[in-house]
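>>> Take a look and give me a structure for this.
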Amino acid sequence: MTEGQQQSAHGAIEAIVMVAVEPVSTELLAQLLEKPLAEIELACDELAAEYRSRHSGFELVEVAGGFRYQSAAEFAPYVERFLLDEQRARLSGAALETLAIIAYKQPISRGQIASIRGVDPDGVLRTLMARGYIDAVGIDDGPGQAILYGTTATFCEKLGIANLDELPPIAEFIPDADVVEALEHGLRIEPPVEPTAT
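Below you'll find the model as predicted:
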């Protein structure tokens, strides 16, 4: 194989493996590139060695009977940090508020969440379920038999707690009665006093 043919084979292998969902076998690569199996195996080994020699952030590895790309093991801490930061950034204030309501009031229905938050929680509930933080844990016995939501083991894992008993008491987050009264008084609108006729 000439140098140009080798580069072409390397490029084709990279392109195919890059878009593949599952590991790609050397047999399939040989068929797609119309090259002998031995040449494809050699090309895959050369590519893997090239990535290793230049300390690339990814590597070509043979797993489950085929080749795939994955991040290099030496950079795993950075990848993990990126993924955790990305997950935190994606959880909105509304989602955090809803998650706190569910954590402290569970099992709780969609309607109960809506009455506490004052807005329709459907979109946020879908997001929290997709992330694995909440799940349907039962059905309400009352009229309509509403779905009841609760937190999952993933929720506890992300918070670093063993179970819900380790959540801080909600009383720590509720202001004292005198603070609430002062707030209510400060927000109250007094009607203007009409001057009395003399």
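
>>> you'd agree I134 is up against R126?
No: with contact defined as Cβ atoms under 8 Å, I134 does not count as touching R126 (10.1 Å). Every C-beta, even on glycine, is put in place using the N, C-alpha and C of the backbone.

>>> got any residues that touch both of those two?
Residues touching both I134 and R126 (Cβ atoms under 8 Å, 6 or more residues apart in numbering): none.

>>> Counting neighbours, go ahead and name the busier of these two.
I134 (24 against 10; other Cβ atoms under 10 Å).

>>> Excluding chain neighbours, what is closest to that one?
Excluding the flanking residues, the one nearest I134 by Cβ to Cβ, 6 or more residues apart in numbering is L128, at 4.6 Å.

>>> What number of neighbouring residues does the closest residue to P23 other than its chain neighbours come out with?
Spatial nearest neighbour of P23, excluding adjacent residues (Cβ to Cβ, 6+ apart): G66 at 3.1 Å. Around G66 there are 18 other residues, counting by other Cβ under 10 Å.

>>> can you pull the contacts of G66?
22-26, 28.

>>> ok, it to A20 distance?
8 Å (Cβ to Cβ, to the nearest Å).

>>> Let me know the next secondary structure element after the helix or strand hosting A76.
Assigned by DSSP states H and E, A76 falls within helix 76-90. The first helix or strand that comes after helix 76-90 along the chain, using DSSP H and E, is helix 93-105.

>>> average pLDDT across that next one?
Averaging pLDDT along helix 93-105 gives 90.
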